[in-house]
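J.: the sequence and its predicted three-dimensional model are supplied below.
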Amino acid sequence: MMTVAVFAPDFNRKPNAAMRRAYVADELRRLQASGPLSLAALLAGAVDGAASVALDLIDKGRGPDGADVVPPGFAVSLRLREGAVPPVRDPQGRQLPADKQGKVLVVKVGQRSQLATERATDANARRDIYETTEVTATARAYRLREAVTILRQWGVGVADDLDRHLVEEVLDSGAKGGKR
């Protein structure tokens, strides 16, 4: 069983939004003082509302006081956990090529915009309707929005369904790369 510490336990005791933002910024800095920031732990252990504020602060990179809440270039690295066997179909419902089956998890991270009339035509019916990204056994940096989406759907300790715990975060204090 995985134990996750509560993130921002006093969040709801702060009397207003400005004080809650400042509190979450301080909590993010405190966590990083003890080691690399784990987005998975933050998502799994945050008090209601605190995760949204934390993600907004991480995305901006700075707290309400103007000081950094994450190091410049902060990125979240993810990979398939050892022994994970991803689905053989992508979110569009298509079977993956044989060389990707069992090795690549294709994750829906958004929806492509199109008009209802575009969907109705035969040519467009076969077009991708979802924005996707791939997760493999090799760790790589993802944009914050993508990392959050991947972890909420497939993350160890984050996804609700235990059968979906296929992706793990790779903590590296020097992670650089993915855009916030």
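T.: All right, it came through fine.

J.: how is the chain divided into domains?
T.: 1-70, 75-180 (automatic domain parsing).

J.: could those domains go into a markdown table alongside mean neighbour count and mean pLDDT?
T.: Backbone N, C-alpha and C define where each C-beta goes, glycine included. Formatted as a markdown table, those follow (neighbours: other CB atoms under 10 Å; pLDDT from 0 to 100):
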| stretch | mean neighbour count | mean pLDDT |
| --- | --- | --- |
| domain 1-70 | 16 | 91 |
| domain 75-180 | 15 | 84 |
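
J.: contacts for the helix or strand hosting residue 148 next, please.
T.: For residue 148, the element it lies in under DSSP states H and E is helix 144-154. Residues from elsewhere that reach helix 144-154 (CB atoms under 8 Å, 6 or more residues apart in numbering): 39-40, 43, 55, 58-59, 76, 78, 105, 107-110, 133, 135, 142, 158-159, 164-167, 169, 178-180.

J.: same thing with stretch 82-98?
T.: Counting by CB under 8 Å, 6+ apart, 80, 101-108, 128-130, 132, 135, 137, 166-167 sit against stretch 82-98.

J.: one more pass at 6 Å, please.
T.: 101, 102, 105, 106, 108, 128, 130, 132, 166 (CB atoms under 6 Å, 6 or more residues apart in numbering).

J.: could those go into JSON lines alongside distance to residue 12 and secondary structure?
T.: JSON lines is the format used below for these (distance: CB to CB, whole Å; DSSP: H, G, I helix; E, B strand; the rest coil):
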{"residue": "101", "distance to residue 12": "45", "secondary structure": "coil"}
{"residue": "102", "distance to residue 12": "44", "secondary structure": "coil"}
{"residue": "105", "distance to residue 12": "35", "secondary structure": "strand"}
{"residue": "106", "distance to residue 12": "38", "secondary structure": "strand"}
{"residue": "108", "distance to residue 12": "32", "secondary structure": "strand"}
{"residue": "128", "distance to residue 12": "41", "secondary structure": "coil"}
{"residue": "130", "distance to residue 12": "35", "secondary structure": "strand"}
{"residue": "132", "distance to residue 12": "36", "secondary structure": "strand"}
{"residue": "166", "distance to residue 12": "32", "secondary structure": "coil"}
